[in-house]
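Colleague: structure for this input, please:
(chains A and B, ligands or ions: 2)
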Amino acid sequence: MNPARDSAKPDALLSVRDLSIRFGGLTAIASMTFDANAGEIVSLIGPNGAGKTSAFNAITGYLKPTSGDVRFKDRSLLGLSSNAIAARGVVRTFQKTSVFGGRTVLDNVLMGLHLRSRQTAISILLGLTSVAREERELTDEAIEMLAFVGLVPRAHELASALPYGEQRLLGVAIALAAKPSLLLLDEPVSGLNPAEKASFMGLIRRIRARAITIVLVEHDMRTVMGVSDRVVVLNQGRIICDGAPAEVQRNPEVIKAYLGEGFARAHH
Amino acid sequence: MTRWLPHLFVLFLASVPLWMTDNYILHILITTGIFIIAAMSLNLLLGYTGQLSLGHVAFFGIGAYASALLSLGFEAHIAPGLLVKVLPKPVWFAMLGGIASAAVCGYAIGKLAFRVRGAYFVIVSISFAEVVRLVALNWVELTQGPMALNNIPALKLGAAGLELSFLKKPMVYTLVLAVAVLSYVLIRRLVQSRAGRAMIALRENESLATSVGIDVTAYLVLATVVASAIAGAAGALYAHYVRIVDPDIFLFIYTVTMVIMVVTGGKGTLAGPIVGGVLFGLLPESLRAMAMPPEVQWIAYGVLMVLVVYFLPRGIVPAINERWGAGEATASPLRNLVVAAKARS
Ligand SMILES: Nc1ncnc2c1ncn2[C@@H]1O[C@H](COP(=O)(O)OP(=O)(O)O)[C@@H](O)[C@H]1O
Ligand SMILES: [Mg+2]
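Modeller: Ligands and ions are numbered 1, 2, ... in the order given. Down below sits the predicted model:
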């Protein structure tokens, strides 16, 4: 089965077409094609080194793909700078915990609200009251965002002083502050304990409820099964399966290449 | 109470010419003030965007030269067969021209430094300052080279009958204080806004900053333009105060002095360059006033610097904030808002 070859559906929000990424002689991604439809949670899974992060880097402009196209709302994102891609509504998080360490948690989210803000350099230098008014609105929104991920009690702590799990939450809050319509999460639960993982999956559902489409990268399939509408399995740079979670779990190629026989037996 | 301290401090500084009659002390206060303005502008780049500009004195020197030349008038060939002749302009206009010239150069450097960060930014900035110094030294037709621009007029404002002359030290002092306060206010507005957050985001984590849509290059250019304009203003003040400008104004040691002021005071804090500037601007002079030989002055300077950097690696102001919990981040009205929001929920 190879649904990856299907042409773009009309309602595909993100459409990755024949994307290839080579680093010198190493092929990180080979002709990858998949869609994410509006409102979906799509998981991109695969073992370490499968090319998941490289795919995110190419989609968000951190990496120029060797060939292929990335289309969002039917417009190509290729050639745009990362910040311009964010302005279009595609925002990613990073696999390695990424926050503005030397600033408070509240400041971190305020920085994430950059695109939402309308202050111009001139209005700032003139000290217009509109700037002060907007600053108050931004603070309210930042607090709302912190409430959404459950970090309000930490608002005035330095981001670098937060425990690991809360830094991961803060990373998501920063990304959400940029008001994405497509959110790309790169192994957001790696390193979290089972309780934290479970609550993070709840958070992902609540994000979807805000009409945000999610592409979730994970290398542990068990984590994503409950939350995904669709699972795309990547192995050594190639998509080997794309379908509903139950379908993917039964796919012999996936079982062989990735899950191992033990997983298949335990779930049947 | 603490809210009014800065205002009281400025009022006190403004009162100095009323009771201070010692011209030598006024001179020290003026030069220190000019250096503090330049250090505040450097702090915008070094402290907020995190980019070390080791050529910052270039903008100071460009402001000084451009302002001096415009006020004196000049004739120079800017290309073979293309003679530009400028008649002497009023000093206030010349000073604005000096600020604008520095800002334009800042814009060019900011653009040139596109995607150039860290060590490369340092190299670009040092090279720029050195090129400008060589131009000042060798373009004798325009700058008089090592012979210096002499007899630069002092600032005069107002029309006949009601004329303010900034020739005497008390008036110059007041002018420098006014420019310093204005620069401080502009920088504070900038860093406590969307633009300042973007600059800090660039410093803290550039990839994360771009991932939320921050055009870091645009904000680096903005910071460079504002910083060079303010440094240019300091240079213009200097030119029309000492009334002689030569290529030594571009010496690397002046940039180093500014960096020391910013780093010891606390980079990335509003008060840092002021504290560092007062300390390292007044210290050598007070030692000289105590008739210490120059070696002692420099040794004291070095020892103080090492002590500050060793014991307070982030600078004096952050150390004080930590000690007394009056951080600039927490002293804002934001804190109250958050407390209120918590109470609501
Ligand atoms: N910048 C790079 N230069 C060279 N090789 C890279 C680079 N980034 C990733 N790779 C290689 O590409 C492959 C895919 O990596 P990555 O996308 O990080 O995988 P994943 O996120 O699925 O673990 C790996 O073999 C990795 O070593
Ligand atoms: Mg990865």
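Colleague: show me where pLDDT drops low in chain B?
Modeller: Across chain B, the ranges flagged by pLDDT under 70 are B:1-2, B:114-115, B:325-345.
Colleague: where is the longest helix in it?
Modeller: helix B:216-242 (DSSP state H).
Colleague: and chain A, by the same measure?
Modeller: Counting by DSSP H, the longest helix found in chain A is helix A:129-149.
Colleague: only alpha carbons, please: show it as PDB.
Modeller: Taking C-alpha atoms only, helix A:129-149 is exported to PDB below (Å, rounded to 0.1, in the frame of the first residue of the first chain):
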ATOM      1  CA  THR A 129      -0.100  55.400  24.500                       C
ATOM      2  CA  SER A 130      -1.200  52.800  22.000                       C
ATOM      3  CA  VAL A 131       2.000  51.000  22.700                       C
ATOM      4  CA  ALA A 132       1.400  50.900  26.500                       C
ATOM      5  CA  ARG A 133      -2.200  49.800  25.900                       C
ATOM      6  CA  GLU A 134      -1.100  47.000  23.600                       C
ATOM      7  CA  GLU A 135       1.500  45.900  26.200                       C
ATOM      8  CA  ARG A 136      -1.200  45.400  28.700                       C
ATOM      9  CA  GLU A 137      -3.300  43.400  26.200                       C
ATOM     10  CA  LEU A 138      -0.300  41.300  25.400                       C
ATOM     11  CA  THR A 139       0.400  40.600  29.000                       C
ATOM     12  CA  ASP A 140      -3.200  39.500  29.500                       C
ATOM     13  CA  GLU A 141      -2.900  37.200  26.500                       C
ATOM     14  CA  ALA A 142       0.400  35.800  27.700                       C
ATOM     15  CA  ILE A 143      -1.100  35.000  31.000                       C
ATOM     16  CA  GLU A 144      -4.000  33.300  29.300                       C
ATOM     17  CA  MET A 145      -1.500  31.200  27.300                       C
ATOM     18  CA  LEU A 146       0.300  30.300  30.500                       C
ATOM     19  CA  ALA A 147      -3.000  29.300  32.100                       C
ATOM     20  CA  PHE A 148      -3.700  27.100  29.000                       C
ATOM     21  CA  VAL A 149      -0.500  25.100  29.600                       C
END
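Colleague: quick one: it near chain B?
Modeller: Yes. Contact between helix A:129-149 and chain B, assessed by Cβ under 8 Å from any Cβ of the partner chain, occurs at A:131, A:135, A:136, A:139, A:140, A:143, A:147. All C-beta atoms are positioned from the backbone trio N, CA, C, and that covers glycine.
Colleague: what is the longest helix of chain B packed up against?
Modeller: helix B:23-43, helix B:57-72, helix B:91-112, helix B:169-191, helix B:194-204, helix B:206-211 (3 or more Cβ pairs under 8 Å, 6 or more residues apart in numbering or on different chains; DSSP states H and E).
Colleague: list the buried residues of it.
Modeller: B:216-217, B:219-242 (16 or more other Cβ atoms under 10 Å in any protein chain shown).
Colleague: you'd agree residue A:248 is up against residue A:255?
Modeller: No. At 9.6 Å, residue A:248 and residue A:255 do not qualify as touching, with contact defined as Cβ atoms under 8 Å.
Colleague: report the inter-axis angle for the longest helix of chain A versus helix B:194-204.
Modeller: Comparing the axes of helix A:129-149 and helix B:194-204 via axes from the mean of the first three to the mean of the last three Cα atoms, to 10 degrees yields an angle of 50 degrees.
Colleague: gap between helix A:129-149 and the chain center?
Modeller: 24 Å (Cα atoms, centre = their mean, to the nearest Å).
Colleague: any buried residues in that helix, and which?
Modeller: In helix A:129-149, counting by 16+ other Cβ under 10 Å, buried: A:131, A:134, A:135, A:138, A:139, A:141, A:142, A:143, A:145, A:146, A:148, A:149.
Colleague: next: stretch A:90-110.
Modeller: A:90-94, A:97-110.
Colleague: could you find the closest non-adjacent residue to the most centrally placed residue in chain B?
Modeller: The C-alpha lying nearest the average C-alpha coordinate of chain B belongs to residue B:38 (Cα atoms, centre = their mean; 1.3 Å). Spatial nearest neighbour of residue B:38, chain neighbours left out: residue B:234 (4.3 Å); criterion: Cβ to Cβ, 6 or more residues apart in numbering or on different chains.
Colleague: list the contacts for that neighbour?
Modeller: Residues near residue B:234 by Cβ atoms under 8 Å, 6 or more residues apart in numbering or on different chains: B:34, B:35, B:37, B:38, B:41, B:60, B:63, B:179.
Colleague: how many neighbours does the third one have?
Modeller: Residue B:37 has 29 neighbours, counted by other Cβ atoms under 10 Å in any protein chain shown.
Colleague: now swap in the last one and tell me
Modeller: Using other Cβ under 10 Å, residue B:179 is surrounded by 19 other residues.
Colleague: distance check, the residue in chain B that ligand 1 sits nearest to against residue B:117.
Modeller: In chain B, the residue that lies nearest ligand 1 is residue B:207 (12.8 Å; Cβ to the nearest ligand atom). In this view, residue B:207 and residue B:117 are 12 Å apart by Cβ to Cβ, to the nearest Å.
Colleague: and residue B:294, how far from residue B:301?
Modeller: 10 Å.
Colleague: more neighbours, these two?
Modeller: residue B:301 (17 against 10).
Colleague: near ligand 1 too, which of the buried residues of helix B:216-242?
Modeller: For ligand 1, no contacts are drawn from these by Cβ under 6 Å from any ligand atom.
Colleague: from residue A:174, how far off is the residue of chain B closest to ligand 1?
Modeller: Using Cβ to Cβ, which is the criterion applied here, residue B:207 is 12 Å from residue A:174.
Colleague: quick revisit: okay, now the residue of chain B closest to ligand 1: neighbour count?
Modeller: Neighbour number of residue B:207 under other Cβ under 10 Å is 15.
Colleague: ditto for residue A:83
Modeller: With other Cβ under 10 Å as criterion, residue A:83 counts 22.
Colleague: in which helix or strand does it reside?
Modeller: Here residue A:83, judged by DSSP states H and E, is contained in helix A:82-88.
Colleague: same question for that helix, mean pLDDT?
Modeller: Averaging pLDDT along helix A:82-88 yields 96.
Colleague: residues of chain B that sit close to ligand 2?
Modeller: Within chain B, no position is near ligand 2 by Cβ under 5 Å from the ion.
Colleague: picking up where we left off before, report all helices and strands that the helix holding residue A:83 contacts.
Modeller: helix B:206-211.
Colleague: quick one: the helix it packs on near chain A?
Modeller: Yes. Applying Cβ under 8 Å from any Cβ, one finds helix B:206-211 touching chain A at B:207, B:208, B:209, B:210, B:211.
Colleague: so what's the nearest residue to the third one once chain neighbours are set aside up against?
Modeller: In this case it means residue B:209. Spatial nearest neighbour of residue B:209, excluding adjacent residues (Cβ to Cβ, 6+ apart): residue B:201 at 3.8 Å. Residue B:201 sits next to A:100, A:111, A:114, B:208, B:209, B:212, B:214, B:216 when contact means Cβ under 8 Å, 6+ apart.
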